[in-house]
Every structure is written in structure tokens, then in C-alpha cells.
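[1] next input, structure requested:
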Amino acid sequence: MEEDKFGFSYEEDITHAVQKFEKMKKDNENYFFDVIEFETIIDYYIECNNSLKAFEAATLATEQHPNSVSIQLRKARVLLDKGKAVEALRILKKLENIEPGNHEIYIAKGTALGILGDIQGARKMFDYSLTLDSEDIENILFSITSVLQNLNYYEHLIPYMKRLVGMEPEFKAHLYDLAYAYEKIEDFENSIIYYLKYLEDEPFSDSAWYNLGIIYNKLELYEKAMEAYDFALAINSQNTFALFNKGNILSNIEMYAEAIPVYHEYIENEPDSFEAMTYLAECYEKTGATTMARKYYHEAIELAPDFADPWFGLGVISLNSGNIDESLIFFRKAVRLDDENPEIWYLLGKAHYAKGEKKAALRCFREALKLDAYYDEVWSDLGNIILEDGLTLKALPYLEHAYKVTGDVPGINYLLASFYLHTGSAEKAFRHLTLAVNMEKELFRDFEGIFPDRLFTRKIKKLLKANSLLM
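    Okay, here's the model as predicted:
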């Protein structure tokens with residue numbers, strides 16, 4: 001440990017200065033500190049993220065040493081930490097005239113401009129700071145990248161970080177930061193490249209493997225994602241985020257049986273996770289183990305009674321088992337907790353319809369379509385109800401109005417085509433069917449039941465045959 005000529009270590013100097021300052025505040029007195037002591041105290045509080053005491057120290061320091069550039073610069077930094085960029089700029093502009101060659105002033109000015117949203121102005125200051133000290137380029141670049149990272153300007157961070165990687169190839173953490181920046185701007189190809197480069201030298205970084213798993217999952221490369229999560233878990237078995245994400249992937253690709261033990265392991269580590277409990281219950285439901293599904297849905301409700309998903313899950317089980325009254329209780333509870341989920345409105349509508357409550361079903365379907373105009377299953381069921389009840393002519397004006405509001409949505413075009421066909425408006429039917437088929441022809445299979453062959457015109461048959469929808 002390096003010691004000065006008086007035999008005190010640097011750490012002891014910091015402790016002594018901070019204790020002296022805190023004693024002064026406690027005793028409500030006013031002590032004198034030299035510039036170096038104040039620099040030490042302010043830096044200490046900044047590093048401890050104690051912006052209040054850092055500001056108090058900086059304010060007193062500027063009163064005792066108003067002409068000290070280093071003190072004024074530290075006060076500006078404290079103001080920046082508090083988000084007071086305009087006040088900091090006033091100080092920095094004065095310092096710029098006193099020490100125009102001090103790169104730290106321009107980094108601080110760039111930070112202030114970045115906080116104010118002027119990223120081009122910030123970059124101008126950063127670039128200028130790099131011209132002022134050719135001996136300290138690496139540290140200047142590191143300061144710039146730290147600022148841009150803290151302000152979430154990842155796109156603008158990348159060129160500085162690439163330059164830093166080239167100058168300090170031995171610091172592998174720069175590769176990680178570069179990979180993360182590319183990830184944040186969704187340039188996943190470059191992000192993967194730099195994460196893999198980082199892992200060549202740091203293969204036991206569970207966070208890098210975890211981040212790779214997230215990227216592979218977004219790219220729908222599920223096997224690679226799970227492999228990355230497995231590496232993360234092999235390195236750090238406590239990385240429960242990797243465990244949770246792996247379970248979600250297995251569930252999303254319908255490997256429900258495989259997801260069950262993964263969710264169980266996660267719940268062992270996070271027993272209060274009502275979300276994981278709900279996802280586990282859903283996996284049991286999908287595998288036909290409804291008793292276990294009910295058990296974990298109820299446990300999720302005990303943990304979070306205001307979470308809509310387990311109520312919805314219980315409603316699905318009841319609806320599928322033919323217990324309509326019970327399903328309505330659960331779906332109504334779910335929709336009260338989350339009235340912006342179109343799927344809940346849709347299945348509540350199906351439950352009403354199954355009980356013969358067609359008006360209530362139609363109201364629920366309308367609510368679902370308000371939230372998601374592209375919810376094709378709702379359009380299909382809506383069409384069936386309207387045709388069954390002979391309400392085609394009454395429904396057409398409403399559908400035309402909805403069409404004007406929503407635009408060319410496949411579901412509404414299929415319904416309009418069917419209804420115009422049923423009412424003898426063959427040309428209008430052909431126009432809407434053409435629009436629907438051009439947008440999403442495979443969806444025709446879901447609506448096929450509302451298109452009787454006997455009503456097809458020659459033009460419609462030709463259209464369907466051309467798209468391999470009619471044999």
C-alpha cells in the first residue's frame with residue numbers, strides 16, 4: 001500500500017476527511033478544508049451514490065474555494081447526478097473560459113447536453129474532448145462510453161466503444177459492453193458476435209450466456225436459447241431468470257411436459273412467484289392434468305388474488321369440462337381484474353353463448369374486437385351467431401361501419417364477403433373476399449363454414465381455386 005511522506009495511507013486520508021466533514025455537520029459547525037480534502041470528500045460521496053451529501057460538500061467547497069476549477073467541476077458533476085443540467089452548464093461555460101484545454105470540462109458539458117436531449121451537441125463535446133489529450137485517450141473514451149451508457153444512448157455509444165476495444169483489447173469487459181449496446185438497439189447479429197467473442201475469453205460468465213439466451217429466444221432460435229440458458233445455469237445455479245426463461249420457451253413451443261419440472265425447480269427457488277405458479281398450472285392444463293392445474297391456479301390466486309391470469313385459467317378448465325356456470329364466475333372475475341385482455345372477453349363471450357345468452361356473447365365479442373381488430377376467432381364466431389340467428393341484413397350496416405373504422409382487417413372482410421353472398425350482392429362479396437384472401441388466404445379455412453358452396457359464383461370459385469382453397 002502506497003503511503004505519503006507523513007506515513008498515512010490514501011484510504012486513511014479519505015476516512016479522516018469524511019469523518020471530519022460529518023462531524024462538522026453533526027455539530028452544526030463550520031470547519032475549513034483545503035481543496036484536496038474537499039475533492040476527496042466529494043468524490044467519496046459521488047462513488048457512494050450519496051448525491052445529497054455530495055451536493056452539501058460541493059456547495060460548501062465552492063464557498064470556501066470559489067476560484068478552484070477542480071471544485072467547480074465537481075459541483076457541476078454533482079448537479080448532473082441530480083439531473084440539474086442547466087445549472088451545471090452555467091458553471092461549465094465559465095470553466096471553459098478558464099481552462100479551455102481541460103477535457104473533463106467538455107465531457108461534463110457533453111453529459112449535460114445529453115441529459116437535455118441534445119445528443120448531437122453532446123457528441124460534438126465528446127469528440128472535441130478527445131482532441132485535447134492524446135496521452136489519455138483511453139480514459140477519455142471510457143468516460144464517454146460510461147456517460148452514453150448511463151443515458152441509454154446505445155446507438156451513439158457504439159463507435160466510441162469500438163474504438164476503445166481496439167485500443168484496449170486486453171480489457172474483455174469492453175466486448176461485453178459493446179455486445180450489450182448492440183442488443184439494446186436490436187442489432188442482434190452483431191450482439192451475438194461480440195458476446196461470443198467475450199465468451200471465448202470469459203466462458204464462465206453466466207450473465208453473457210443469459211443475455212445470449214434472450215437474443216436467441218427473440219430470434220426464435222429456441223434450441224440455441226435453451227442451450228445458452230443451460231450454460232448459464234451450469235455456471236450459476238442461482239440464476240433463476242435463466243430457469244424461468246427456459247420454462248417459458250418450453251411452454252411457448254408447446255413442450256408442456258418438459259416445462260413442468262423446470263417451473264417446479266424455479267418455484268423451489270422463488271416460492272412467491274405467482275406468475276410461475278400460473279404458467280405451471282397452464283402446463284398441467286395443456287397436458288390434461290386438470291386436477292394439478294386447478295391446484296396451482298388456486299395457489300397462484302392465494303399469492304396474488306388480483307392477478308387475472310389464474311382466474312382465467314380456471315375459467316378455461318371449467319368451460320372445457322362443460323361447467324358453464326362455474327366458467328362464467330371465473331371469467332367475470334378475470335375480466336374485472338383485466339378488462340383490456342381481448343382473450344378474456346372472447347372466452348367470456350363463448351361461455352355466454354354456450355349458455356344460450358347470445359346478446360351477452362355478442363357484447364363480449366364486440367369488446368374483444370375493440371381491443372384487437374385482428375382477433376380472427378372472434379370474427380368467425382361472430383359470423384356464425386349472426387347467420388344462425390338470421391340477422392345478416394341487420395348486421396351489414398354495423399359491419400360496414402366497422403370496416404370504415406378498422407380498415408382492411410382479414411376477419412371483417414371474410415364476414416362481409418359471406419354476408420353479401422348470403423344477401424345476393426355477389427360483386428361486393430367478391431371484392432371483400434379478394435381483399436381477405438390477398439391478405440391472409442390460409443385464414444379462409446377458419447371461415448369456410450360460413451361460405452356455402454351453393455352460393456359461390458363462377459368468379460368466386462375461380463378466385464378460390466387460384467389460391468388452392470377450393471378443390
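
[2] hey, let's count contacts and neighbours off CA atoms from now on
    Fine.

[3] and the helix or strand where Ile105 lies, what does it pack against?
    Element membership for Ile105, per DSSP states H and E: helix 103-115. Under the contact criterion of 3 or more C-alpha pairs under 8 Å, 6 or more residues apart in numbering; DSSP states H and E, helix 103-115 touches helix 69-81, helix 85-98, helix 119-129, helix 137-150.

[4] could I get the second one in PDB with only the CA atoms?
    Listed next in PDB are the C-alpha coordinates belonging to helix 85-98 (Å, rounded to 0.1, in the frame of the first residue of the first chain):
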ATOM      1  CA  ALA A  85     -28.100  20.000 -16.400                       C
ATOM      2  CA  VAL A  86     -28.900  23.700 -17.000                       C
ATOM      3  CA  GLU A  87     -27.300  24.700 -13.700                       C
ATOM      4  CA  ALA A  88     -24.300  22.600 -14.400                       C
ATOM      5  CA  LEU A  89     -23.900  24.100 -17.900                       C
ATOM      6  CA  ARG A  90     -23.700  27.600 -16.300                       C
ATOM      7  CA  ILE A  91     -20.700  26.500 -14.300                       C
ATOM      8  CA  LEU A  92     -19.100  24.600 -17.100                       C
ATOM      9  CA  LYS A  93     -19.300  27.500 -19.500                       C
ATOM     10  CA  LYS A  94     -17.300  29.700 -17.000                       C
ATOM     11  CA  LEU A  95     -14.800  26.900 -16.500                       C
ATOM     12  CA  GLU A  96     -14.400  26.500 -20.300                       C
ATOM     13  CA  ASN A  97     -13.100  30.100 -20.500                       C
ATOM     14  CA  ILE A  98     -10.600  29.500 -17.600                       C
END
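
[5] angle of it against helix 69-81?
    160 degrees (axes from the mean of the first three to the mean of the last three C-alpha atoms, to 10 degrees).

[6] list the helices and strands helix 85-98 packs on?
    Using 3+ C-alpha pairs under 8 Å, 6+ apart: helix 85-98 touches helix 69-81, helix 103-115.

[7] quickly, which of these bottoms out on average pLDDT?
    Among those, helix 69-81 has the lowest mean pLDDT, at a mean of 90.

[8] distance from the chain centre to that helix, please.
    Mean-position distance between helix 69-81 and its chain equals 34 Å (C-alpha atoms, centre = their mean, to the nearest Å).

[9] then stretch 389-404?
    39 Å.

[10] what does stretch 353-373 give?
    Using C-alpha atoms, centre = their mean, the offset of stretch 353-373 from its chain centre is 31 Å.

[11] what's the mean pLDDT across it?
    Stretch 353-373 comes out at a mean pLDDT of 92.

[12] which residues does it contact?
    324, 340-346, 348-352, 375, 378, 382, 385, 406, 409 (C-alpha atoms under 8 Å, 6 or more residues apart in numbering).

[13] please identify the buried residues of it?
    Across stretch 353-373, burial judged by 16 or more other C-alpha atoms under 10 Å covers 353, 358, 360-362, 364-369, 371, 373.

[14] my read is that Met277 contacts Ile267, right?
    Yes. Between Met277 and Ile267 a contact is recorded at 7.3 Å, counting by C-alpha atoms under 8 Å.

[15] okay, now the nearest residue to Phe456 once chain neighbours are set aside: neighbour count?
    Sequence neighbours aside, Leu421 is the residue nearest to Phe456 in space, at 7.8 Å (criterion: C-alpha to C-alpha, 6 or more residues apart in numbering). If you count neighbours by other C-alpha atoms under 10 Å, Leu421 ends up with 22.

[16] name the stretch among the helices and strands packed on helix 103-115 that sits most buried.
    helix 69-81 (a mean of 23; mean count of other C-alpha atoms under 10 Å).

[17] for it, name the packing helices and strands.
    Using 3+ C-alpha pairs under 8 Å, 6+ apart: helix 69-81 touches helix 35-47, helix 51-64, helix 85-98, helix 103-115.

[18] which residues touch the first one?
    In this structure, residues lying in contact with helix 35-47 by C-alpha under 8 Å, 6+ apart are 14, 17-18, 21, 51, 53-55, 57-58, 61, 65, 68, 70-71, 74, 78.

[19] and the buried ones among these, selectable in PyMOL?
    Only the buried entries of these go into this PyMOL selection, using 16+ other C-alpha under 10 Å:
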select buried, resi 14+17+18+21+51+53+54+55+57+58+61+65+70+71+74+78
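
[20] geometrically speaking, which residue is the centre of this structure?
    Residue closest to the average C-alpha location in the chain (C-alpha atoms, centre = their mean): Lys184, at 10.3 Å.

[21] next one: that one from Asn97, what distance?
    Using C-alpha to C-alpha, to the nearest Å, Lys184 is found at 38 Å from Asn97.

[22] ok, back up a step: which of Met277 and Ile267 has more neighbours?
    Met277 (27 against 20).

[23] enumerate the positions of the lowest-mean-pLDDT helix or strand in the chain that are buried.
    Lowest on mean pLDDT, DSSP states H and E among the helices and strands of the chain sits helix 10-26, with a mean of 78. Neighbour-count burial for helix 10-26 flags Ile14, Ala17, Val18, Lys20, Phe21 (criterion: 16+ other C-alpha under 10 Å).

[24] quick check: mean pLDDT of stretch 441-452?
    89.

[25] mind listing what's buried in it?
    Quick answer for stretch 441-452 (16+ other C-alpha under 10 Å): Lys441, Leu443, Phe444, Phe447, Ile450, Phe451.

[26] and the contacts of it?
    Contacts of stretch 441-452 (C-alpha under 8 Å, 6+ apart): Glu377, Ser380, Gly383, Asn384, Leu387, Tyr414, Ser418, Val437, Asn467, Leu469.

[27] same thing with stretch 334-346?
    Outside stretch 334-346, the residues that touch it by C-alpha under 8 Å, 6+ apart are 306-309, 311-312, 331, 364-365, 367-369, 371-372, 378.

[28] quick check: mean pLDDT across it?
    For stretch 334-346, the per-residue pLDDT averages 97.

[29] what about that stretch, how long is it end to end?
    Terminal-residue distance, stretch 334-346 (C-alpha to C-alpha): 12 Å.

[30] count residues in the vicinity of the nearest residue to Ile249 once chain neighbours are set aside, would you?
    Excluding the flanking residues, the one nearest Ile249 by C-alpha to C-alpha, 6+ apart is Tyr222, at 6.9 Å. For Tyr222, the neighbour count with other C-alpha under 10 Å is 20.

[31] same question, Asp389
    For Asp389, the neighbour count with other C-alpha under 10 Å is 9.

[32] measure it to Ala368 for me?
    Asp389 is 21 Å from Ala368, by C-alpha to C-alpha.

[33] residues in contact with stretch 288-297?
    Contact with stretch 288-297 is made by 277-278, 280-285, 310-311, 313-314, 317, as judged by C-alpha under 8 Å, 6+ apart.

[34] quick check, nearest of the buried residues of stretch 353-373 to Lys172?
    For the buried residues of stretch 353-373, the minimum distance to Lys172 (C-alpha to C-alpha) is 47.1 Å, reached by Leu371.
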